[in-house]
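>>> what shape does this take:
(3 chains)
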Amino acid sequence: MNVILLALGVLGVLGAVGSLVLYFVSKKFYVYEDPRVGQVEEVLPGANCGGCGFPGCHGMADACVKERDASNSLGSLLCPVGGSDCMAKVAGILGVEAGAAEPKLAVVRCNGNLECRPKLSNYDGVKSCAVAASTFAGETGCAFGCLGLGDCVRACTFDAIHMNAITGLPEVDEEKCVACGACAKACPKLVIEIRKKNAAKTPAVKRVWVSCINKDKGGVARKACASACIGCGKCEKTCKFEAITIANNLAYIDPEKCKACGMCVAECPTGAIHCTTAVQTIVEKLKAKKAADAAKAKEEAAKKAAEAAAAKAAEAAAKVAEAPAAPKADQPQ
Amino acid sequence: MNKLNVSLSPHVHSGNSTQKCMLQVIIALCPALLWSFYQFGLGAIIVTLTSVCACVLFEFLIQKFVLKVTPSITDLSAVLTGLLLAFNVPSNLPVWIIIIGALVAIGIGKMSFGGLGQNIFNPALVGRVFLLVAYPVQMTTWPVEAGYFDVATGATPLSLITQLVNGASGVSLESLGEAFLGTTAGSMGEDSALLLLLGGCYMLYKKTITWEIPVATLASAFVFACLFYGFEDIPGVSNWNIIMQQFLGGGLFLGAIFMATDYVTSPMNPRSQLIYGGCIGFLTMVIRRYGAYPEGMSFAILIMNAFVPLLNSYVKPKRFGVVKK
Amino acid sequence: MKTFKLGGVHPAANKLSAKAPIEVAAVPAVVAIPMAQNLGAPSKAIVAKGDKVKVGTPIGEPGGFVSSFVHSSVSGTVDKVDVVEDPTGKKVPAVFIKVEGDEWLENIDRSKDIKREITLTKEEIIAKVKEMGIVGMGGATFPTQVKLMPPPTAKPQCVIINGVECEPYLTSDHALMLAHPEEICIGVQILEKAMGVNKAYIGIEANKPDAIQLLTETAKKGFPEIEIVPLKLKYPQGGEKQLINAVIGAEVPSGGLPIATGALVQNVGTAFAVYEAVQKNKPLIERIVTVTGKSVAKPSNFLARIGVPIQQLIEAAGGVPEDTGKIISGGPMMGKAMPDTNSYMVKGCSGILVMKNEEARRKEASPCIRCAKCVHACPMGLQPNFLAKFAEKDMLDKCEEERIYDCIECGSCSFSCPANRPLLDWIRQGKPKVMGILRARAAEAKAKAEAAKAAAAAK
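A predicted model of the protein is given here:
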């Protein structure tokens, strides 16, 4: 009996001492944190992807609260994962208006699939784009394009980007992509860009981009890849919105100015300009029209030529008839 | 011409492989293995075959059906685990107990951590210690002659010493030479210090292991054996005899040369290896002298296995161009 | 016999071209001389299309402090200034010259006579070395004049000449030592004069007994302060830090310059180039290059002009064999694998190694068994297994703690790994990142100190 009592006593005293120590420590080292930070963090997605530019969701919540106190708004802060819904909730907690944010997504700017960009050598090192990029220019003749080893796929926490085994290029799942930018940061060749998701306000997604970042001269680029941008400038001339600029033998479409009209897509000789299906239908029409125009022009030209030939024949006949005739200086050829 | 391969340097390799490393250890174990076949006969052969086959089979099955990875039994690591497990049990151990030991060694000791290279504890010792705790009677019945069924059994020199130190009388110890050559009772492979040493020399020559762990372990074990047994007055036997029996007998040589040097569960630079070996020697002698078990090597190694991550992160190798101020 | 203390490995030497004499490689119809031939800033082309050049005419000038001159290696007309592939397939600017005859600049002494007297002063030597575009010939291509101007706090005591050639297969330094022992010794004396020291060592690995004997005899005949040091075979003995450690026993402090030990290390090739520049007025326009490999018909040592197509050199050694799997610029331990043979000879190219497909392919990596062979192999006392893991997971603070910045990228770890793990590939990923952090931190600390100083001054 005594033993049990003793054990109980000792344990009791130990427990009491321990709890006292814990109590004082928690008082002494207490760190005040704005309770709103916790509340904001609650509504954030909690993926800790860092897409907002802060270290995890807690950092973002902290930044939101600070921004609110400094400017009485949320400024340009945006959680790319939660989107505007999430930011509206945050704004509600902090009692400010949420700004309207534009949805964005990751766009792969390389179309050098295995067919149009043949492999010239074989990379035998670690299956990582970063390591391959530090080793050499790449397995193909193009020193700019996708290396195809999937650093972007590994960087994605939303399962939104996958390698296509047939093309050897990554593909973005538009439904899942939240434009956190992890893939763009992981790509050593800077192939991936975070762009505006939709150029128009239509429900069908309209987006046009140059799917190439090769800065080599036209001939060199084309030799390396059949679908490279060769910097010919046709698109620049075609664009009515001045959205396209050519620099270093490479076209770039400004997503802010682009209206996704599809004119440039129809015009590109190498097919380096890509667009979404919604735009593609327009492009098909444009191309059909263009083809029709071309056929018409051809027909007309043929007609003209036939007429000219007929005229010539007639003239010749006339010439024969009333020789010697005048010199045939301005005959169309 | 083929497409040229491109990778970062180096473009050549030593040609060494995991399989070769394991094979070298297995070759080094062979003299002691053959000796145990000679000394314990059929029993040793049955125990070894069962243990090796069970370990390889369990590794294969677990990798294929539980972890769902390509089985890697060709790296010989499971064979080695099986051999070491066999070395650590008596040669008349029933087959079903060995199979349980193999399952614990491979399944719990190795695969539950993620397979080769991931385990914290030496798998063979995990299996052995499990058997020692679960089946103490079978695990401490040592045959003294060749055969498997109904063989005469006896006590190991170390258990005799424990009895002596605790004041028993009428106990006589075998001579030192027997312990060195290995004609005493004991676990299958721990018998002959000489042949184990031979295997160790082979591994050192092949650069399979480095000298730090075995030397540190043996040296510290010797020093602490002297300290613990050297000043005691034990009737009927000289202190020197006991010290040398402690040093040469039991699993000390097997442990120091083959178990403590296990790649995966030992620290990775010479300095931490010395500390690791030293501690194993010390703990072994503490357990033998003051613990309930006459044998302490297995426990000492397992305890130090647990400290390996700590050693790895706190003890750094000698750096080039860094002078301590 | 001496050697360095920590780590090291023993790759098979495979010196197939050791007995091959030095052959002069043919001058092609067109050469392309890259402008990025040295460590540091690339050179700037100073010629344009249509310019006439002779052998030795400068065609590129330094693009920064750590940079060097580039000279025409042929006579003819500049065809274009365009880009060529460097050995890793990356595009670099280069000057293309159409070869017409072989006319050398008049002030270059082309006679075979050995000029013993060193008439130039210390400053003149350094200026000459810079003017003649000399860079480190061992492969690192660090501009030599920069190395000859150590910080004022350094106390140079000796010159160590690297005749180790620890890379397997390569024999260009070996061939050079056998062909020009006296010139090398004079070059060493020039380097001594430039550094203001009176002691020199030439470290040579024991697998070149003929070179050791020849140089020892030469040194005995009139270079009493030059000591030939035979070294025990071990890779990476040719590394600057390891060579200093092997020869004089000193350790280059971590993060410090090698000159902190009082030793200046130069390659034998550099010593020879310095001799030719200072005594013969000859710029660095050609070098000895080994073309070798187990499947190569005729492993050779060529004296090749800078700008010669690599393809041509391989053809001269018997062409690219059918089962070739890898072609390396440099040696097998630290050389760069080339995606094709479209590049051109540069100053730092000591060898071209053709490897068969089966010996070139890497084996599949298996799990790390923590055998610590990499730790024992590392000549810098690092733990490559941890470094590789931390670098792979981008744990840069841990990389820094494990001193990733000390790595010399010798490849001993990957070489010795039984699990075929690509340790160095990952370490190479982490190292520049950590170096960047360290530099940024140093710059920040400097700015802070200066700001504090300015504030104190303002008060």
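
>>> quick one: the helices in chain C, in order.
Taking DSSP state H as the criterion, chain C contains helices spanning C:122-131, C:144-147, C:172-179, C:181-195, C:209-220, C:240-248, C:268-280, C:310-316, C:357-360, C:373-377, C:384-392, C:396-401, C:412-416, C:423-458.

>>> can I get these in JSON lines with mean pLDDT and distance to residue C:137?
All C-beta atoms are positioned from the backbone trio N, CA, C, and that covers glycine. What follows is the helices of chain C, written out as JSON lines (pLDDT from 0 to 100; distance: least, CB to CB, whole Å):
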{"stretch": "helix C:122-131", "mean pLDDT": "93", "distance to residue C:137": "12"}
{"stretch": "helix C:144-147", "mean pLDDT": "92", "distance to residue C:137": "9"}
{"stretch": "helix C:172-179", "mean pLDDT": "95", "distance to residue C:137": "8"}
{"stretch": "helix C:181-195", "mean pLDDT": "94", "distance to residue C:137": "11"}
{"stretch": "helix C:209-220", "mean pLDDT": "95", "distance to residue C:137": "16"}
{"stretch": "helix C:240-248", "mean pLDDT": "95", "distance to residue C:137": "13"}
{"stretch": "helix C:268-280", "mean pLDDT": "94", "distance to residue C:137": "3"}
{"stretch": "helix C:310-316", "mean pLDDT": "94", "distance to residue C:137": "17"}
{"stretch": "helix C:357-360", "mean pLDDT": "86", "distance to residue C:137": "26"}
{"stretch": "helix C:373-377", "mean pLDDT": "94", "distance to residue C:137": "27"}
{"stretch": "helix C:384-392", "mean pLDDT": "94", "distance to residue C:137": "29"}
{"stretch": "helix C:396-401", "mean pLDDT": "93", "distance to residue C:137": "32"}
{"stretch": "helix C:412-416", "mean pLDDT": "95", "distance to residue C:137": "23"}
{"stretch": "helix C:423-458", "mean pLDDT": "93", "distance to residue C:137": "24"}
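
>>> what's the most buried one of the ones you listed?
Among the helices of chain C, helix C:412-416 has the highest mean neighbour count (mean count of other CB atoms under 10 Å in any protein chain shown), at a mean of 28.

>>> of the helices of chain C, which is nearest chain A?
Closest to chain A of the helices of chain C, according to CB to the nearest CB: helix C:423-458, at 4.5 Å.

>>> chain center to that closest one, what's the gap?
Centroid separation for helix C:423-458 versus its chain: 28 Å, with CA atoms, centre = their mean, to the nearest Å.

>>> quick one: the strands in the stretch 51-200 of chain A?
A:104-108, A:121-123, A:161-164, A:169-172, A:192-196 (DSSP state E, counting those that start in this stretch).

>>> please identify the deepest-packed of those strands.
strand A:104-108 (a mean of 23).

>>> which secondary structure elements does that one contact?
Under the contact criterion of 3 or more CB pairs under 8 Å, 6 or more residues apart in numbering or on different chains; DSSP states H and E, strand A:104-108 touches strand A:169-172, strand A:192-196.

>>> just the residues contacting the first one, thanks.
Going back to what we said before, that points to strand A:169-172. A:105-108, A:110-113, A:146, A:148, A:150, A:152-153, A:160-164, A:183, A:192 (CB atoms under 8 Å, 6 or more residues apart in numbering or on different chains).

>>> neighbouring strands of that strand in the sheet, and parallel or not?
Applying DSSP bridges to the sheet, strand A:169-172 is found paired with strand A:161-164 (antiparallel).

>>> who touches the partner strand?
By CB under 8 Å, 6+ apart, strand A:161-164 touches A:106, A:148, A:150, A:152-153, A:169-173, A:177, A:183.

>>> likewise stretch B:296-314?
B:88, B:120-122, B:125-126, B:128-129, B:132, B:250-252, B:254-255, B:259-260, B:265-268, B:272, B:275-276, B:279-288, B:291, B:293, C:386.

>>> those in helices, which ones?
Residues of those located in helices (DSSP H): B:125-126, B:128-129, B:132, B:252, B:254, B:272, B:275-276, B:279-288, C:386.

>>> buried ones from the residues you listed, can you make that a ChimeraX selection?
Buried residues within the ones in helices among the contacts of stretch B:296-314, by 16 or more other CB atoms under 10 Å in any protein chain shown, are selected in ChimeraX with:
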select /B:125,126,128,129,132,252,254,272,275,276,279,280,281,282,283,284,285,287,288 /C:386
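
>>> okay, the helices and strands packed on strand A:104-108 in a markdown table with distance to residue C:14 and mean pLDDT next?
Output for these, formatted as a markdown table (distance: least, CB to CB, whole Å; pLDDT from 0 to 100):
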| stretch | distance to residue C:14 | mean pLDDT |
| --- | --- | --- |
| strand A:169-172 | 41 | 93 |
| strand A:192-196 | 44 | 91 |
